[in-house]
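Q: below are the sequence and a predicted model for it; my questions follow.
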Amino acid sequence: MKKIFGTVISASVVVALIVLCVVLGGQGITDAQWGTLKILLIVCGCSVAYCFAVGEITHNYSQMDKLWSLLPIAYVWIIAIRGGISARLLVFALIVTAWGVRLTVNFARKGAYRLKFWTGNEDYRWSIVRKNPIFKNGFTWSLFNLFFISVYQNALVLAICLPALICAESSLAFGAADIIATAFAVAFLVLETVSDEYQWKFHQTKKEMLNGGKSLAELPSPYNLGFNTLGPWAYMRHPNYLGEQGIWVSLYIFVIGAGLANYGIFHWSAIGALVLVLLFMGSSMLGESISAGKYPKYNEYREQVFKYIPIRKYRCK
């Protein structure tokens, strides 16, 4: 009950920030920015059509998952090139490129990509979501595929890149706020990279031991738990999610450095990063419900370790 209450409070704070950014707004989009945005919208629209059609035909609904790390690279470089590649835009684009390469490699080693791009392993969570009674009718799943997987996620990926579009109009030199944005974004990128590496090695080692004929209970600690508690995972339940959200929130600080945010903080281009935070609230709840159903000790882990605050270490009882 406490965790549900905490999630509701957190979500309320994020929604309040979204409302503030909408109301306070910041400057609108210039004609030059509209020209760039039209190109981005065409790419986004093509991606929506591809993800929906291919998902329906192949029944592999991870098409957007595969594009999630690739589209932002294309978006920010289109913005940077058309915006004149200022120092601010260049750093923004390089950070997003590093983020995208890392995420693509991490997803690729899970078998997601194939030479035939529409094939590959589907994210395991989609098969679990499809088992929900609401999707018993294939038509309702098609609507979910269209509006959530294809439209919503594509729109969100475009939205998180819009701070770069706003920064394209700034005449201010690269300054202190930009240095802070860069430092935080790089730090979160390192956290996400380290966390995913620990996660990958844990599950690969566990898989090898299970393939050797042992049951989960027969594995040495901590592999017998079934879930990872090594590295950052000993202190946070979702260090990779913290890194992912942190990167995009940090990149918004470039808008502040560009001097384009009202009251020095608020601009409508923050909405993408804030909606991403809301998405991860739902994603983390889904992931934890799956883990709690599979692993007996997971609820104990959840009681001992905060989701994102690394002040308590898990100790298996």
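A: That came through, no problem.
Q: so which residues of the stretch 101-250 of the chain form helices?
A: For the stretch 101-250 of the chain, applying DSSP state H, counting those that start in this stretch gives helices covering 124-130, 138-144, 153-160, 162-167, 176-211, 239-257.
Q: turn those into a markdown table, including mean pLDDT, distance to residue 35 and mean neighbour count.
A: (C-beta placed from N, C-alpha, C; glycine too.) Below are those laid out as a markdown table (pLDDT from 0 to 100; distance: least, C-beta to C-beta, whole Å; neighbours: other C-beta atoms under 10 Å):
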| stretch | mean pLDDT | distance to residue 35 | mean neighbour count |
| --- | --- | --- | --- |
| helix 124-130 | 90 | 36 | 14 |
| helix 138-144 | 94 | 34 | 14 |
| helix 153-160 | 97 | 16 | 20 |
| helix 162-167 | 96 | 11 | 26 |
| helix 176-211 | 97 | 25 | 17 |
| helix 239-257 | 97 | 20 | 23 |
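Q: export these to a markdown table and append columns for distance to residue 78.
A: Conversion of the helices of the stretch 101-250 of the chain to a markdown table gives the following (distance: least, C-beta to C-beta, whole Å):
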| stretch | distance to residue 78 |
| --- | --- |
| helix 124-130 | 29 |
| helix 138-144 | 30 |
| helix 153-160 | 11 |
| helix 162-167 | 9 |
| helix 176-211 | 20 |
| helix 239-257 | 16 |
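Q: residue 109 is nearest to which of the ones you listed?
A: Checking the helices of the stretch 101-250 of the chain against residue 109 by C-beta to C-beta gives helix 176-211 as the closest, at 6.9 Å.
Q: which stretch of helix or strand covers residue 66?
A: Assessed by DSSP states H and E, residue 66 sits inside helix 63-67.
Q: and that helix, what does it pack against?
A: helix 31-58, helix 153-160 (3 or more C-beta pairs under 8 Å, 6 or more residues apart in numbering; DSSP states H and E).
Q: deepest-packed of those helices, please.
A: Among those, the stretch with the highest mean neighbour count (mean count of other C-beta atoms under 10 Å) is helix 153-160, at a mean of 20.
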